[in-house]
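[1] this is a predicted model, with the sequence first.
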Amino acid sequence: MGDLWTGFVVALQPLNLLWGFAGVTLGTAVGVLPGIGPALTVALLLPVTYGLDPTAALIMFAGIYYGAMYGGSTTSILLNTPGESATMVTAIDGHQMARHGRAGAALATSAIGSFVAGTLATLALSLTAPLMVRMALAFGSAEYFALMMLAFVTVTTVLGGPGSRLAGWVSLMLGLVLGGVGIDGLSGQARFTFGLPYLLDGIDPVIVAIGLFAVGETLWVISRGPEADEVLPVNGALWMSREEWRRSWRPWLRGTAIGFPMGALPAGGAELPTLMSYAIEKRLSSRPEEFGHGAIEAVAGPEAANNASAAGTLVPLLTLGLPTSATAAVLLAAFQQFGLQPGPLLFEHEPRLVWGVIASLYLGNVMLLVLNLPLVGLWVKLLSIPRPWLYGGILVVASLGAFSVHRSAGDLVLVALVGMAGFLLRRLNAPVAPVMIGLILGPAAEQHLRRALAISQGDWTVFLTRPLSAALLIVAAVIVGIGVSRRRAAPGRIEP
Amino acid sequence: MPGRVVVLLLLAATPLRAQSSLTIVAPAAPGGGWDQTARVMQRVLAEIEPATSVQVDNIPGAAGTIGLARFVQSERGNPHALLVTGLVMVSGVIINLSPVSLSDATPIARLTGETEVIVVPATSPIQTLGDLLEVFTRDPGSVSWGGGSAGGTDDLLVRLLAEQAGLPASRVNYIAFAGGGAALAAVLGGQVTVAVSGYGEFAGQIAAGQLRPLAISAAEHIPGIDTATLRELGVPLDLANWRAIVAPPGLSDAERDALTARVTRMATSDAWRAAMARNGWDDLFLPGTGFRQFLLSEQARVEAVLQRLALAETGPRPQFALSVTPATIPNLMVAIFGALATALWVSRRRDRTRPIDSPSVSTPKSRLPAPGILAAALLAQPLIMITAGFVMSSTLLFMVTASAWRGVWPAPPTLAKDGLVGGLFAGFIYLVFSAGLGVALP
């Protein structure tokens, strides 16, 4: 707890407070705006934050991540288009509530639920991170390799969803192939560089994130043609009746309980916990027939779950250096930009930074509650930006961001190519987040594999004789097994 | 000496305007040792040569060889440019098969260095360097050495040490980590037998008694470090992770001497000494001819050990049941990706041949093939940006995106409105970035 206290001292410094505020404000804005999300925003900001103090920059980035989880729900409720993929479920009943003139209550339960879940989950993060750190020191290369295999399998299976699991694997493999480009860290040999010095340092994850999330997303939206968008007005008080409070608090707590561990496990972001929370609330409700027509539980639960999972994601990211969502992957790149390697030693070497960032999350939650409840009207105005101009602006900022990473126009070509690949993946119904995970974790997994083999002098049994690594690999194999057997059972599907 | 400096300075100052600026190229991303060296030089020079405006340029990539190549090609004959370099670039040139080497630049001076340290965990049965070398020579494979990236200073030190112990460099079981921090975790966790890194990286754990230092690699004893050097322990080997300054090729002797004099003045100033102490750098200042000879001998030594290593690696491989070479994993990934992508394509085609064809697939004639147009615009944008500038290219991109979103040919008034908004937006961003954040845009 002493560490957390130090963290608060760091986070309460006026400048850090200011950066934290900038982060949550920007996060809410990108959360509200469709087409631009936290992963892309952090990627775009990376090149211009070189000169910043790492603590301040990371406090801002963490604020963007949290803020986007709050802001996304506003768009879901008022526009029926999720501002973020994690708020997809909120749109179902939230929009119905707004149609029936209960937008105020829907916005209130999602903002307060986000606050409750965000704060509880941050508390859980503060408590579990030190435990994880102690465990992580026992991790050798064999264990890291096994853990990364598990992350690949779960992220791909979960995000792939039923019917498009094969597409998820294609995304992951694309990321792994791109990750193979550049100088091999273990031998110093150049691979897949085709003699181009440009490729020697590999493909920058920031460039790929910009390509996938800005260009790919815009191409996808454009290919579907213009959609009618009608922003519903916020009617009624931005508050809840006693009845609505009574119906909300249990879903908040259940959402937190689902979201935090699901985010902490390498299970791929916030989509799954929100779906699970929806399903559980529907099963437990005494009025399941209301679900889909504006049940407040169906807003409260998933909104709590997505915020809790954002905090959960930070556990493996900070303690093991293992990103489990696209945003976490970009955050890892942010740490590396400042020469910091998340992992157990980060807590030892940079306690002020790590705990400062964690403490800033508590403060960020308070700021976000204020930003999203009394000031929600301001964010609604953002939705009145004409869509053609919004996407035009996103692409201009994206090309600027891509250019400023290395001041190289060649990167813009890469962004365009990656964007087209991302568009093709979307057309094939494939999730794009596995590309990021593969790109970032692929080279690390390969290095751990070869390192483990070098230490054991070529003996492959190390992965099975070490209990932790064996357990992780068995879980991964079981998940693949389940995926394969389900696909076999489904008629008309091809063999894996 | 000061008199000579003044004369040389005057000689160099003949074109007066140009003398007032100096570019220091750091061939690495911001934050690393080379970048820090460049930034400290910038600060110290600003203090002792107030008339000079010094700017630092980062050209990261491939162990500095990308920066070196660009420096040698584009700054030829320019007496107002310097490049920060070091031991890692010497091996980087060889490993990356760089067409340009440090011999193509004009050596100015070696500035600083950091000693390496060899450590084992406090719980290790190995007590002394003698113990380590004894186990190592008996069964080289059983000793795993953790350190930084392949071809870096840590790797070189271990290979050179092996050769001193009478073993071929290729027999070292070297485990490369992303950096000293990762190697530290591995040695503390008992994953590797011994670890090698810059002293500063391990200093905290050595002081805390978690790591036992066996030897440092400096040529002489370093005040403040208790550990004996390799030489003191009877191994005739020293290696420092040195950093130095070189100038572009094609300088006259007078220009070279003038630059050397300026760097000398900087490196002997109090401000520089204070900065070295702050950063934990050892003073290894060696200007002019001495440095030229040192550079040649380092190049010869590094090249020799890396060549012997490369020769051994092309020979027959050890008999691992399933050996994983650097090429194995990437090729496997490409194969699996190809197979899966084909499978996905085939399955989607099969789905599509069914009669339920979604209407969006057949595009109505009135609509633009919007994604195609936008993709073409994105590919053309870099070219336009270089030739016509950021504001122009961004405005065009904005207009194309907006039209593509609407999906119809825009009416002239709409187009004009898009252009105005896009132009204002791009202009605003340009101002913010170039004036406010110092990011130069074309």
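    Received, thanks.

[2] low-scoring stretches of chain B, by residue?
    B:1-20, B:29-32, B:60-61, B:178-181, B:311-323, B:351-368, B:435-442 (pLDDT under 70).

[3] how far off centre is the longest strand along chain B?
    Counting residues, the longest strand found in chain B (DSSP state E) is strand B:106-113. In terms of CA atoms, centre = their mean, to the nearest Å, the centre of strand B:106-113 is set 18 Å apart from its chain centre.

[4] so what are the sheet partners of that strand and their directions?
    Strands flanking strand B:106-113 in the sheet, each with its direction: strand B:243-247 (antiparallel), strand B:282-287 (antiparallel) (DSSP bridges).

[5] which of those strands sits most buried?
    Mean neighbours per residue, mean count of other CB atoms under 10 Å in any protein chain shown, is largest over the strands paired with strand B:106-113 for strand B:243-247, with a mean of 25. Where C-beta positions appear, they are placed from N, C-alpha and C, glycine not excepted.

[6] tell me which helix or strand comes right after it.
    Counting by DSSP states H and E, the element after strand B:243-247 in chain order, helix or strand, is helix B:253-267.

[7] please spell out which residues along that next one are buried.
    Using 16 or more other CB atoms under 10 Å in any protein chain shown as the test for burial, helix B:253-267 gives B:255-267.

[8] how far is that helix from where the chain is centred?
    Taking mean C-alpha positions (CA atoms, centre = their mean), helix B:253-267 and its chain are 26 Å apart.

[9] now do stretch A:172-180
    Per CA atoms, centre = their mean, the centroid offset for stretch A:172-180 relative to its chain is 19 Å.

[10] tell me which of the buried residues of helix B:253-267 is nearest to chain A?
    The shortest approach to chain A among the buried residues of helix B:253-267 belongs to B:M266, at 23.3 Å (CB to the nearest CB).

[11] what residues does the closest one make contact with?
    B:M41, B:V44, B:L45, B:I48, B:W272 (CB atoms under 8 Å, 6 or more residues apart in numbering or on different chains).

[12] if I look at the fourth one, how far off is A:G481?
    When CB to CB, to the nearest Å is the yardstick, B:I48 and A:G481 sit 69 Å from each other.

[13] which one of those two has more residues nearby?
    Neighbour count, other CB atoms under 10 Å in any protein chain shown: between B:I48 and A:G481, B:I48 has more, with 14 against 10.

[14] what are the phi and psi values for that one?
    phi -90, psi -20 (degrees, to the nearest 10).

[15] for it, what are its contacts?
    B:R265, B:M266, B:S269, B:A271.

[16] what count of nearby residues applies to B:L420?
    B:L420 has 12 nearby residues by other CB under 10 Å.

[17] just confirm it is within a strand.
    No. Checked against DSSP: H, G, I helix; E, B strand; the rest coil, B:L420 lies outside a strand; its state is helix.

[18] quick check: domain ranges of chain B?
    Residue ranges for the domains of chain B, per automatic domain parsing: B:2-113+B:241-310, B:116-239, B:367-436.

[19] can you list the ones you listed in TSV and add distance to A:L200?
    Putting these into TSV (distance: least, CB to CB, whole Å) gives the following:
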stretch	distance to A:L200
domain B:2-113+B:241-310	4
domain B:116-239	13
domain B:367-436	20
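
[20] tell me which of these lies nearest to A:T156.
    Shortest distance between A:T156 and the domains of chain B, using CB to CB, is found for domain B:116-239: 24.8 Å.

[21] the closest one close to chain A?
    Yes. Applying CB under 8 Å from any CB of the partner chain, one finds domain B:116-239 touching chain A at B:141-142, B:144, B:149-151, B:173-179, B:181-182, B:184-186, B:188-189, B:191-192, B:204.

[22] how close does B:T128 get to chain A?
    According to CB to the nearest CB, to the nearest Å, B:T128 and chain A sit 23 Å apart.

[23] distance of the closest residue to that residue other than its chain neighbours from B:P125?
    Sequence neighbours aside, B:L214 is the residue nearest to B:T128 in space, at 6.5 Å (criterion: CB to CB, 6 or more residues apart in numbering or on different chains). Using CB to CB, B:L214 is found at 13 Å from B:P125.

[24] the two: which has the busier surroundings?
    B:L214 (24 against 7).

[25] which ones among the residues of domain B:116-239 next to chain A map onto helices?
    B:G181, B:A182, B:L184, B:A185, B:A186, B:L188, B:G204 (DSSP state H).

[26] what subset of those residues is buried?
    B:G181, B:A182, B:L184, B:A185, B:A186, B:L188.

[27] show me what contacts the fourth one?
    Going by CB under 8 Å, 6+ apart, B:A185 touches A:L137, A:G343, A:P344, A:L345.

[28] next, count neighbours for residue 40.
    No chain specified, so I'll use chain A. Quick note: A:L40 (other CB under 10 Å) scores 25 neighbours.

[29] wrong one, I was asking about chain B
    Residues near B:V40, counting by other CB under 10 Å: 21.

[30] list the residues that contact it.
    Contacts of B:V40 by CB under 8 Å, 6+ apart are B:W272, B:A275, B:N279.

[31] that older thread, can you redo the contacts of B:M266 as CSV, where the extra columns are secondary structure?
    Shown next, in CSV, are those (three-state DSSP):
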residue, secondary structure
B:M41, helix
B:V44, helix
B:L45, helix
B:I48, helix
B:W272, helix
